[in-house]
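Trainee: Take a look and give me a structure for this.
(one chain, ligands or ions: 1)
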Amino acid sequence: MSHENLQRAEAAQRSALITTHSYDVSLDVRQAADPSVDGYTSRTIINFSAAEPGHSTFLDFIAGDVHSIFLNGKGLAVADVVDGSRIRLDNLQAENQVTVTGTALYSRSGEGMHRFVDPADGQCYLYTQYEPADARRVFANFEQPDLKAEFTFHVMAPSGWEVASNGVEAARSQLTSDPDTSRWDFATTRHMSTYITTVLAGPYFKAQDHWSATLDDGTPLDVPLALYCRASMAESFDAAELFRLTKAGLEFFNRLFDFPYPWGKYDQAFVPEYNLGAMENPGLVTFTESYVFTSRATDSQYQARANTLMHEMAHMWFGDLVTMQWWDDLWLKESFADYMGTLGVDSATDWDTAWVNFANKRKAWAYVQDQLPTTHPIVADIPDLEAAKQNFDGITYAKGASVLKQLVAYVGFEAFIAGSRQYFRDHAYGNTTLEDLLKALSAASGRDLAGWAASWLQTSGISTLSVEAGADDGAAGAVTIVQDAVDPVTGRVELRPHRLRVGSYNFDADGALVRTGSIETDVSGERTDVPGLAGQPRPALLLVNDDDLTYAKVRLDPASETTVLASLDRIADPMARALCWTALWNSARDGETPATRYVDAVTAFGPSETGIGVLLNILDNAQAAVERYIPAAGRNAARRDFLAAADQHLQLADPGSDHQVAWARTLAAVSRHDATFLPRLRGLLDGTVVVDGLAVDAELRWNIWHALAANGQAAPDELDAELERDTTASGRAGHATALAARPDREVKAAAWKAAVEGTELSNELLSATIAGFTTAPPALLEPYVEPYFGCLRGVWDNRSIEIASRIVRGLYPLAQDLPAGTVPERHPVMLRTDAWLEANADAPRALRRIILEQRSHLLRALTAQLRS
Ligand SMILES: [Zn+2]
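Mentor: Below you'll find the model as predicted:
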């Protein structure tokens with residue numbers, strides 16, 4: 001495992017010395033379907049130059065075996081130059097060619113070349129996933145984003161397969177010696193980074209279309225389109241809808257960026273056991289196949305998929321065409337794509353709630369992350385690859401995008417786009433840093449952005465904005481916004497400039513709470529008087545950050561909170577409602593108000609929340625509040641009330657509506673910890689209970705089995721019978737979860753062993769097993785607290801970072817009750833966590849980061865329990 005964690009300084013040294021020109025990569029996966037074959041032949045030929053001949057550099061290759069290395073025609077002794085994941089190249093010439101042949105290994109962790117066998121039909125599928133640095137698990141290369149090159153891929157695979165890569169297929173030929181095998185040759189790409197190269201191979205279902213347009217300047221564009229998914233999912237694959245969105249997106253971004261789509265074709269593949277939402281490989285984007293909806297999906301799931309589709313498409317320009325120099329600026333491409341993903345859905349599709357969902361869900365992720373002790377400035381210090389891997393987080397994506405939204409409010413949309421266009425033109429196929437973007441935006445807007453960047457990008461934490469009104473009976477003194485902002489990392493006060501709106505809401509004649517006034521203003525210091533509100537009658541609801549322009553936690557003033565708690569469902573505007581939900585949730589999370597108050601608001605106003613994305617989000621929050629924030633003494637009653645409400649609203653919801661699905665899923669999920677409604681849920685399974693319009697499909701059935709199993713009401717043979725009904729990959733995961741959820745000491749011991757000690761489980765089955773294991777009463781999990789802390793270092797050292805992260809995060813003993821008379825910091829799990837942190841000061845930073853974050857989540861929950 002030595003050297004896998006490439007340092008920024010080494011990367012900088014390497015790119016100062018060498019310039020890469022081209023890669024020619026041949027992969028032979030013809031035996032992939034044979035489970036006894038664990039690797040494949042990989043050969044790379046790289047042409048590169050060296051600024052200082054005679055010097056040395058190194059290649060990255062995490063291989064099963066390296067067979068041969070030729071540098072400038074001379075064979076090198078493998079044993080002498082291979083050191084762990086590196087291959088040393090000495091005595092470089094001005095122009096060099098290196099050829100490396102080896103055996104690379106198939107992956108089960110989603111890193112590198114992932115191999116998946118479909119349980120439904122036994123077919124074998126391959127895809128690759130590299131970011132930040134796993135191309136080196138597939139072929140030898142210089143693995144860093146600023147060593148771009150042209151790539152030519154060749155793949156040997158079974159003749160009946162579909163094979164795709166970044167470039168179009170240039171040639172395909174059957175081997176005369178072996179007609180069952182064919183060779184695919186792909187067109188050479190433009191200059192790009194290693195982490196966005198890709199290969200897809202398997203008996204995938206493929207749909208084709210194309211998009212053509214003439215740009216404003218007369219440039220004709222014709223982009224071939226393809227979509228892939230596993231053959232066994234083809235029936236559920238709504239390719240026509242995906243093509244429609246794809247064309248709308250291409251139309252939108254080509255015009256917006258004023259730079260023709262740079263990568264020729266545009267393929268999108270939906271692949272199994274994927275570690276993230278999607279990846280922006282130029283010309284061949286890969287997505288999680290959970291976006292192929294095999295069970296009933298809500299409108300918000302469709303919208304989330306469209307958002308991801310637009311996000312990846314925006315990356316074709318921002319990230320792929322122009323790429324960060326090093327992972328410090330990972331945020332730059334992710335924030336931009338996240339902002340553009342939402343803008344694309346808002347502008348190029350029929351959905352009009354994209355920014356509402358952004359406010360309610362995406363920002364909530366950032367707010368949570370930004371209050372952890374491990375938060376960091378948006379512009380982060382990323383000294384090495386492990387740090388990069390840990391930074392695919394709520395700060396990099398959602399806070400960054402929120403801050404870009406604030407930047408758009410600050411400089412104006414036109415200037416923002418003009419600056420972006422210039423940036424693409426100036427840096428096409430190159431690498432940049434933040435400075436380059438700021439320069440382009442400053443030039444376009446005529447504003448110096450240095451101060452803005454320092455306030456927003458180089459500090460951590462979140463401003464809290466609250467309202468002070470001169471008097472509480474209406475027509476009196478000034479209305480003041482008070483900003484409170486302490487950087488959780490440095491402890492310094494960091495007051496930021498906010499461009500925001502303050503909305504006044506009052507009841508109209510029909511009893512609806514509508515906006516009667518809106519003032520746009522700049523808030524900068526600790527106290528800012530809102531112009532135009534002094535002396536005015538106090539509105540029923542005063543909403544700071546109306547329209548969600550800035551990134552801040554907003555506290556409602558007492559009068560406004562009273563209005564919201566009595567009349568949230570009367571607020572006509574979906575964005576204003578979403579912002580009020582967020583304010584209530586933050587207040588509960590912070591222990592400012594009892595968690596029960598939030599749950600009560602959800603049961604009272606959830607049924608009339610028209611936005612399905614918002615409803616699903618607040619139902620999730622309410623579940624978390626019940627299970628973790630409400631103290632043990634009141635939890636059973638709160639849970640039962642919540643269940644009764646879920647059951648009632650399930651009956652009352654419109655047949656076949658998304659709301660019906662949301663309440664059904666909630667009823668099943670909350671029933672994992674309470675048996676009251678299990679007879680009804682079992683009735684749904686066996687058809688003796690029918691809820692008009694509700695599809696009891698595979699996803700809901702497994703949710704119900706999970707609840708039954710967790711309450712000791714599902715026998716293994718019943719779960720096996722369900723698996724026979726549903727032999728899909730998601731069925732297999734649902735089965736693993738339900739099996740591990742059974743409240744039995746031996747079951748828990750076996751699940752623990754499989755997850756922590758075994759290496760058989762793939763990434764997805766590992767998470768499924770952990771989900772089942774952790775669904776349990778505290779007494780059953782108490783014996784695992786000590787083994788958990790005991791296994792951490794070993795797990796981190798011996799498993800891949802993806803698998804290790806899932807184990808460390810997933811098995812932390814997070815569900816704890818605060819015993820009476822105990823302060824949160826003295827809870828036994830808190831003490832044990834602190835002892836581990838103290839004894840393991842030398843543990844890898846990324847591992848300590850996960851433990852610190854879980855500790856913080858636990859402390860917050862225990863503190864909230866004190867409040868309620
Ligand atoms: Zn992205």
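
Trainee: Residue 758: neighbouring residues, count only.
Mentor: By other C-beta atoms under 10 Å, 12 other residues sit near residue 758. (Each C-beta comes from the backbone N, C-alpha and C, glycine too.)

Trainee: and if you look at the one 10 residues further on?
Mentor: Residue 768 has 24 neighbours, counted by other C-beta under 10 Å.

Trainee: Would it be right to say that it lies in a helix?
Mentor: Yes: under DSSP: H, G, I helix; E, B strand; the rest coil, residue 768 sits within a helix.

Trainee: I'd say residue 92 and residue 54 touch.
Mentor: Yes: here residue 92 reaches residue 54: they are 6.9 Å apart, a contact under C-beta atoms under 8 Å.

Trainee: what's the helix or strand of the chain with the lowest mean pLDDT packed up against?
Mentor: Across the helices and strands of the chain, mean confidence by mean pLDDT, DSSP states H and E is lowest for helix 385-390: a mean of 86. Helix 385-390 sits against helix 845-867, with contacts defined as 3 or more C-beta pairs under 8 Å, 6 or more residues apart in numbering; DSSP states H and E.

Trainee: Give me the local confidence score for residue 520.
Mentor: We have a pLDDT of 93 for residue 520.

Trainee: so how far is the one helix or strand it maps to from its chain's centroid?
Mentor: Residue 520 belongs to strand 513-523 when assigned by DSSP states H and E. With C-alpha atoms, centre = their mean, to the nearest Å as the basis, strand 513-523 stands 33 Å off its chain's centre.

Trainee: counting contacts, what elements does it pack onto?
Mentor: strand 498-507.

Trainee: so how far is the strand it packs on off the chain centroid?
Mentor: 31 Å.

Trainee: Name the residues that touch that strand?
Mentor: 406, 409-410, 463, 465, 479, 481, 483, 513-524, 530, 533, 536, 539-547, 549-550, 552, 563, 567, 570-571, 576 (C-beta atoms under 8 Å, 6 or more residues apart in numbering).

Trainee: before we move on, back to that, more neighbours: residue 92 and residue 54, which one.
Mentor: Between residue 92 and residue 54, counted using other C-beta under 10 Å, the more crowded position is residue 92 (22 against 10).

Trainee: how about the more buried one, secondary structure?
Mentor: Following three-state DSSP, we place residue 92 in the coil state.

Trainee: does the nearest residue to it once chain neighbours are set aside have beta-bridge partners, and which?
Mentor: Counting by C-beta to C-beta, 6 or more residues apart in numbering, residue 92 lies nearest to residue 50, which is 3.9 Å off, once chain neighbours are set aside. Counting by DSSP bridges, residue 50 forms beta bridges with residue 18.

Trainee: What is the neighbour count of the one residue in the stretch 1-150 of the chain that gets nearest to the ion?
Mentor: Per C-beta to the ion, residue 131 is where the stretch 1-150 of the chain lies closest to the ion, at 8.8 Å. The local packing of residue 131 (other C-beta under 10 Å) involves 23 other residues.

Trainee: Check residue 173 too.
Mentor: Residue 173 is flanked by 10 other residues according to other C-beta under 10 Å.

Trainee: Kindly indicate whether the closest residue to it other than its chain neighbours is helix, strand or coil.
Mentor: Spatial nearest neighbour of residue 173, chain neighbours left out: residue 183 (5.4 Å); criterion: C-beta to C-beta, 6+ apart. Three-state call for residue 183 (three-state DSSP): strand.

Trainee: quick revisit: and the residue nearest to residue 92, what is it in contact with?
Mentor: Counting by C-beta under 8 Å, 6+ apart, residue 50 touches 17-18, 57, 92-94, 96.

Trainee: Can you tell me the SS state at the residue nearest to residue 226 when sequence neighbours are not counted?
Mentor: In space, and not counting its chain neighbours, residue 226 is closest to residue 267: 4.3 Å by C-beta to C-beta, 6+ apart. Put simply, residue 267 is strand when judged by three-state DSSP.

Trainee: right, and residue 267 touches residue 162 too?
Mentor: No: contact between residue 267 and residue 162 fails when scored by C-beta under 8 Å: they sit 10.2 Å apart.

Trainee: What segments of the stretch 701-850 of the chain are helices?
Mentor: For the stretch 701-850 of the chain, applying DSSP state H, counting those that start in this stretch gives helices covering 716-725, 729-741, 745-752, 763-773, 778-781, 785-798, 801-810, 828-839, 845-867.

Trainee: related to what we said a few turns ago, next, the angle strand 498-507 makes with the strand holding residue 520.
Mentor: For strand 513-523 against strand 498-507, the angle by axes from the mean of the first three to the mean of the last three C-alpha atoms, to 10 degrees is 160 degrees.

Trainee: For strand 513-523, output the C-alpha coordinates as PDB.
Mentor: Extracted in PDB, the C-alpha atoms of strand 513-523 (Å, rounded to 0.1, in the frame of the first residue of the first chain):
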ATOM      1  CA  LEU A 513     -50.200  34.200   4.200                       C
ATOM      2  CA  VAL A 514     -48.800  36.200   1.300                       C
ATOM      3  CA  ARG A 515     -45.800  38.500   0.700                       C
ATOM      4  CA  THR A 516     -46.800  42.100   1.100                       C
ATOM      5  CA  GLY A 517     -43.400  43.600   0.900                       C
ATOM      6  CA  SER A 518     -39.800  42.700   0.000                       C
ATOM      7  CA  ILE A 519     -36.600  44.800   0.600                       C
ATOM      8  CA  GLU A 520     -33.300  43.900  -0.900                       C
ATOM      9  CA  THR A 521     -30.400  45.000   1.200                       C
ATOM     10  CA  ASP A 522     -26.700  44.400   2.100                       C
ATOM     11  CA  VAL A 523     -26.000  43.000   5.600                       C
END
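
Trainee: residues making contact with it?
Mentor: Here strand 513-523 makes contact (C-beta under 8 Å, 6+ apart) with 465, 481, 483, 497-508, 528, 530-533, 539-541, 546-547, 550, 563, 567, 570-573, 576.
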